[in-house]
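> quick check, what structure comes out for this input:
(2 chains)
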Amino acid sequence: MTITAEQSHPYTHGDLHRLMGLMTGDEKHGPAATSTLDVLWVLYDRVLRVGPERMDDPERDRFLLSKGHGPMAYYAVLAAKGFVPVEWLPAFGSYDSPLGHHPDRVLVPGAEIGSGSLGHGLPIAVGTALGLRAQGRTEPRVWVLVGDAELDEGSNHEAIAFAGPAGLDRLHTVVVDNSSATHARPGGIAARFEAAGWSTATVDGRDHDALYAAFTAPHPGRPHAVVAQVEPKSV
Amino acid sequence: MDTMRDRFAPVVSRLLDEDPRVAVVLAEIGVATLAEARLRHPDRVINVGIREQLLVGAGAGLALTGMRPVLHTFASFLVERPFEQVKLDLGHQGAGAVLVSASASFDWPAGGLTHMAPGDVALLDTLDGWTVQVPGHPDEAETLLRHAVAAGDDKVYVRLSVQANADALPVDGERFLTVREGRSGVVVAVGPMLDAVLDATEGLDVTVLYATTVRPFDATALRRATRTAGTDVVLVEPYLAGTSTAAANDALADLPHRVLGLGVARPELRRYGTVEEHLSAHGLDARSLRERIAGFVGRGRAGTRG
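This next block holds a predicted model:
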């Protein structure tokens, strides 16, 4: 494996496993480590209006990684998109590295929030959408990524129940569902968002075109939730 | 006399009119008092319902977009219930907010422990960077609320209570005030405890400092007071006894000194009744305070006084 400091061409989805390998020491990654990879790539490559040069732009979209566990895929995407130098990746988790096993917004360029304790991102995303609305900023969209097991935390349900009736149509949640929640019921995730008045879509979390279509589906007057189904964490 | 909480809505309504950064987030408590302000600023007066984790999380999100959020509910539901949100969504994210609580340690004695938060300031003491304002009069509450909202993106806790002193003092949101000067001990009265402390120390040769900004702790004022009054220090706080004992010890670390921390006792009282009855039960009425203060100050230096 070689580290190319100056890559002449833009990174592609095909580079992500190699970038993750800089952190994990292995270019082969199981489903758990990559559950968020395709969702993150489609968002950063095709949906989010963000960039390393726009981090102070109040009109940028906001992406909040709430599920902060296993952030290698996130760091790989941030590196591929130029937020984080690729040279930072190998030191992942070491004392002097800005890249911890949970991301810290104060240390990681491009990270809108620090996460790790589950169930914090969605309430913060609600507040972000409220803040943008209060300032008359109707363009920026707010995205938050949560895990299916993360939804066990009750704080999420405070946010979901509020956001629908509040009509926060700039708010988007993507639930990466790798069947890791205990006491889950089939269809339960989308049903909870729908019951609170959200628009929802459930798609194959590995199918880039299906993800893109779900991410960009119109949802006037309502927040939007996309359930991205991937391989079960443990079979 | 009106209460500190009666001042919250009028003050915050004016701040909403004056400063487009200000947003108020409520969790049902206090919604009616801000109904008019909500008509004028529908996007900046937000009621999230009975959802206190969301109250703090959403406040942090507002702050991350550049707003100055003011979060308000009872102390137990503002600091204790969503404590991890206070720690992470504000502290760890580097976001600021003004937390304004009501109900204090036992403003509603008949409500029982579910609506009492004597440990709120001690709990915030486990975190870094909080300013804690404990007004002792509705006029001071108004001043300190304005200070808190104007304090950039600082994290500020303003603790409102129905307990109050008869007269307001010119508090500056920063320093202790010297109310009385003596030579045999320093008594620091926090917020609503001042009147009882002044009654209790009538005729005693002690300095009385009045603290409404308790964090950061005004170590300079305490050290200055000990130069003439000696280093026997009594803290009288309207929340958990001993909450500021470590801060007083730190202020006097290089001097031999003694500190007595008076406040709300730790064991659960399991009594209803009135605020006055609870003050007596915790030894915070003037008579009990006089006994405890007089029994403590000067004793360590009895042989050296002329």
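> buried sites along stretch A:137-156?
For stretch A:137-156, the neighbour count (16 or more other CB atoms under 10 Å in any protein chain shown) marks A:140-153, A:155-156 as buried. Heads up, the C-betas are built off the backbone N, CA and C, glycines and all.
> look through chain B and state the residue closest to chain A.
At 2.1 Å from chain A, B:Gly61 is the closest residue in chain B, using CB to the nearest CB.
> nearest residue to that residue other than its sequence neighbours?
A:Gly127 (2.1 Å; CB to CB, 6 or more residues apart in numbering or on different chains).
> try A:Leu78
Leaving out its chain neighbours, the residue that sits closest to A:Leu78 by CB to CB, 6+ apart is A:Val84, at 4.4 Å.
> now do the contacts for the one you found.
A:75, A:78, A:98-99, A:108-110 (CB atoms under 8 Å, 6 or more residues apart in numbering or on different chains).
> wait, what's in contact with the residue nearest to B:Gly61?
Contacts of A:Gly127 by CB under 8 Å, 6+ apart are B:25, B:57-65, B:69.
> show the subsequent helix or strand relative to the helix or strand hosting it.
Element membership of A:Gly127, judged by DSSP states H and E, is helix A:121-134. Following helix A:121-134 in sequence order, the next helix or strand is strand A:142-147 (DSSP H and E).
> so which residues of the stretch 201-306 of chain B form helices?
Per DSSP state H, counting those that start in this stretch, the stretch 201-306 of chain B carries helices over the ranges B:219-229, B:245-251, B:275-281, B:286-294.
> now swap in the stretch 51-200 of chain B and tell me
B:52-64, B:75, B:83-85, B:120-124, B:138-150, B:194-200.
> got it, and chain A?
A:16-24, A:31-34, A:37-42, A:72-80, A:121-134, A:154-163, A:188-195, A:208-215 (DSSP state H).
> what helices or strands is the fourth one leaning on?
Right, helix A:72-80. helix A:16-24, helix A:31-34, helix A:37-42 (3 or more CB pairs under 8 Å, 6 or more residues apart in numbering or on different chains; DSSP states H and E).
> same list (these) but as JSON lines, adding distance to A:Ala225 and mean pLDDT.
As requested, those are arranged in JSON lines below (distance: least, CB to CB, whole Å; pLDDT from 0 to 100):
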{"stretch": "helix A:16-24", "distance to A:Ala225": "25", "mean pLDDT": "96"}
{"stretch": "helix A:31-34", "distance to A:Ala225": "22", "mean pLDDT": "84"}
{"stretch": "helix A:37-42", "distance to A:Ala225": "13", "mean pLDDT": "98"}
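> relative to chain B, which of those helices is closest?
Nearest to chain B, of those and by CB to the nearest CB, is helix A:37-42 at 20.3 Å.
> so, low pLDDT: which residues of the chain?
Picked chain A for this. For chain A, the stretches flagged by pLDDT under 70 are A:1-8, A:235.
> wait, chain B
B:299-306.
> quick one: the strands in chain B?
With strands called from DSSP state E, chain B shows them at B:22-26, B:45-47, B:68-74, B:97-102, B:130-133, B:155-159, B:177-180, B:186-190, B:207-211, B:213-215, B:232-240, B:258-264.
> that older thread, just put the helices of the stretch 51-200 of chain B in CSV and tack on mean neighbour count.
Below are the helices of the stretch 51-200 of chain B laid out as CSV (neighbours: other CB atoms under 10 Å in any protein chain shown):
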stretch, mean neighbour count
helix B:52-64, 30
helix B:75, 29
helix B:83-85, 19
helix B:120-124, 22
helix B:138-150, 22
helix B:194-200, 22
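> phi and psi next, for the residue nearest the centre of chain B.
Centroid check for chain B by CA atoms, centre = their mean gives B:Val134 as the closest residue, at 2.7 Å. Reported as degrees, to the nearest 10, the phi and psi values for B:Val134 are phi -130, psi 80.
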